[in-house]
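Colleague: 3D model of this:
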Amino acid sequence: MELVSIQHLLGHEFLATTQRYVHVSPALVAEAHQRMVARALRQRN
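Modeller: Below you'll find the predicted structure:
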């Protein structure tokens with residue numbers, strides 16, 4: 001499951017809060033961030 005999905009399920013405002021609870025590696029956080037930025041850019045166009 002994607003970290004951002006977990007963030008939404010738990011109702012956390014910040015991804016860092018979710019990361020603290022699920023003990024996610026920084027590399028996974030960076031990957032999720034890249035996907036969200038790409039998704040946001042696609043939605044803008």
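
Colleague: Let me see the ranges of the helices in this protein.
Modeller: 3-10, 15-22, 26-44 (DSSP state H).

Colleague: Redo the ones you listed as TSV? Include mean neighbour count.
Modeller: Heads up, the C-betas are built off the backbone N, CA and C, glycines and all. Putting the helices of the chain into TSV (neighbours: other C-beta atoms under 10 Å) gives the following:
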stretch	mean neighbour count
helix 3-10	14
helix 15-22	14
helix 26-44	11
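
Colleague: Let's have those in a markdown table, adding mean pLDDT.
Modeller: Formatted as a markdown table, the helices of the chain follow (pLDDT from 0 to 100):
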| stretch | mean pLDDT |
| --- | --- |
| helix 3-10 | 90 |
| helix 15-22 | 88 |
| helix 26-44 | 88 |
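
Colleague: wait, residue 29 sits on residue 15?
Modeller: Yes: here residue 29 reaches residue 15: they are 6.7 Å apart, a contact under C-beta atoms under 8 Å.

Colleague: Need the overlap of contacts for those two.
Modeller: Residues touching both residue 29 and residue 15 by C-beta atoms under 8 Å, 6 or more residues apart in numbering: residue 3.

Colleague: Just list the residues touching residue 9, thanks.
Modeller: Counting by C-beta under 8 Å, 6+ apart, residue 9 has no contacts.

Colleague: now what about stretch 10-25, what contacts it?
Modeller: In contact with stretch 10-25 (C-beta under 8 Å, 6+ apart) are residues 3-4, 6-7, 29, 32-33.
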